[in-house]
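this one's structure only:
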């Protein structure tokens, strides 16, 4: 699958330049298995995960070994119907007949939210999926500051940033532009300035 340009993220840059705090997550972890889902349950009712480099290797549909325990914990604590994936690849118009979304649902055991607008858009699809009206009761977990974290922060969600799951050869399928932007994002967030 090839991802198209994320126009929503480009348009949101103006908001980020005016409000750089949109890039700052509420929580930082190395991977989803480090998240304390029991504690999160006190504050939120649903978890929405990014897919590529958060739960799986880029453009792969199998759970990454470093994310397996975290996903299982989220499902056990929140329930299968309160954990889903919002990806900028699977479940979008870039996913013909939602073939990847269907495969991911089969292999990971959670729903992939179908949506036409890429993160940081897609709020209506998330609220509709969870049958919720208050985004403040949702936690978004992902590896991209400009898409996942800005998406959560724009709408008052709890935002959790993970480092990318894969590096080197494991990351060979990653979208080159996304990988470059992610490196810049992380160097800004994690620099000593």
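Cool, got the structure. Predicted model, so just to flag it, every value in this text is computed and none were measured.

Where do the strands of this protein begin and end?
27-29, 46-49, 83-85, 111-112, 138-142, 158-162 (DSSP state E).

Which one of these lies nearest to residue 149?
Closest to residue 149 of those, according to CB to CB: strand 158-162, at 4.8 Å. Backbone N, C-alpha and C define where each C-beta goes, glycine included.

Ends of stretch 86-106, what's the gap?
Start-to-end span of stretch 86-106 (CA to CA, to the nearest Å) is 16 Å.

Now do the contacts for the residue nearest in space to the middle of the chain.
Computing the C-alpha centroid of the chain and ranking residues by CA atoms, centre = their mean puts residue 50 first, at 2.2 Å. By CB atoms under 8 Å, 6 or more residues apart in numbering, the contact set of residue 50 is 85-88, 119, 140-144, 147-148.

In CSV, list those residues along with pLDDT.
What follows is these, written out as CSV (pLDDT from 0 to 100):
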residue, pLDDT
85, 98
86, 98
87, 94
88, 89
119, 88
140, 98
141, 98
142, 97
143, 93
144, 88
147, 89
148, 95
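
okay, now the nearest residue to residue 28 once chain neighbours are set aside: neighbour count?
Of all residues not flanking residue 28 in the chain, residue 161 sits nearest, at 5.1 Å (CB to CB, 6 or more residues apart in numbering). Counted by other CB atoms under 10 Å, the residues lying close to residue 161 total 25.

contacting residues around residue 161?
With CB under 8 Å, 6+ apart, residue 161 has these contacts: 25, 27-29, 142-143, 145, 148-149, 189.

gap between it and residue 143?
According to CB to CB, to the nearest Å, residue 161 stands 7 Å off from residue 143.

Tell me which stretches of this protein form helices.
Applying DSSP state H to the chain gives helices spanning 7-18, 37-40, 68-78, 99-108, 123-130, 150-154, 176-190.

so residue 138 touches residue 43, yeah?
No - counting by CB atoms under 8 Å, residue 43 is not a contact partner of residue 138; they are 10.1 Å apart.

who touches both of those two?
Taking CB under 8 Å, 6+ apart as the criterion, residue 138 and residue 43 both touch residue 158.

who has more neighbours, those two?
Of the pair residue 138 and residue 43, residue 138 is the one with more neighbours under other CB under 10 Å, namely 24 against 11.
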